[in-house]
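Enquirer: Below is the sequence, then the predicted model.
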Amino acid sequence: MARIPLDHPRTLKVRFMEAYSKRKYGGVLDPGLVAYHNPKVLSTMIRHESSVAKWDALDPTLKALATMASASEIGCSWCMDFGFWEANNQGVDQAKLRAVPNWQASDVYTPLERRVMEYSVAMTQTPPTVTDEMVDALRSDLSDPELVELTAIIALENQRSRTNAAMGLTSQGFKDQCELRPM
């Protein structure tokens, strides 16, 4: 249950935000409803996420696995749910997405995907447990721009997941929409 109210007076601005969210995502995003309590925070989040959406150095599957590994490590069910939906819509293999919470035991990942998730989990630890060896192994397959983007997207997912978990946000059923479509 959300730790801050998700309902707002039915102003024109709220109705516009809800309509946009429904059109783009198929539902009103709870993190947006939380952030709406502080319009400056919401505005900054929207601008930042719009900018991040333009990043394209890193393969979408690697990006999805990295963000979902961080969300799983933190325990943010909202981020796991929305992350599955978003990655599925980008064409990422559902079997890989489903296996993220137990990625170490799964055989669906390439060695690079495993290194990306290991790095993501190491960055998510408090304090971070990233080693020179981890970065060197990633640099054998990723360019410097790709590694910078990977690191930045993991850091951003840590912010998202920690914020959503702290606010008590839980799954909104986005993943279920993916399960309804035949693949």
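Expert: Yes, it's here.

Enquirer: what helix or strand does the closest residue to W55 other than its chain neighbours sit in?
Expert: Take W55 and drop its neighbours on the chain: the residue closest to it by Cβ to Cβ, 6 or more residues apart in numbering is E149, 5.4 Å away. The way it works is simple: take the backbone N, C-alpha and C, and place the C-beta from them, glycine included. In this assignment (DSSP states H and E), E149 forms part of helix 144-166.

Enquirer: Quick one: mean pLDDT for that helix?
Expert: On average, the pLDDT along helix 144-166 is 98.

Enquirer: oh, and call the first residue 12 from now on, that's how I've got it
Expert: Yep, numbering from 12; the last one is helix 155-177 now.

Enquirer: now for that helix, which elements pack on it?
Expert: Packing partners of helix 155-177 (3 or more Cβ pairs under 8 Å, 6 or more residues apart in numbering; DSSP states H and E): helix 41-46, helix 71-85, helix 88-100, helix 122-135, helix 143-150.

Enquirer: let's see 7 Å
Expert: helix 71-85, helix 88-100, helix 122-135 (3 or more Cβ pairs under 7 Å, 6 or more residues apart in numbering; DSSP states H and E).

Enquirer: what sits up against it?
Expert: 42, 63, 66, 68-69, 73-74, 77-78, 81-82, 85-87, 89-90, 127, 131, 134-135, 149-150, 153 (Cβ atoms under 7 Å, 6 or more residues apart in numbering).
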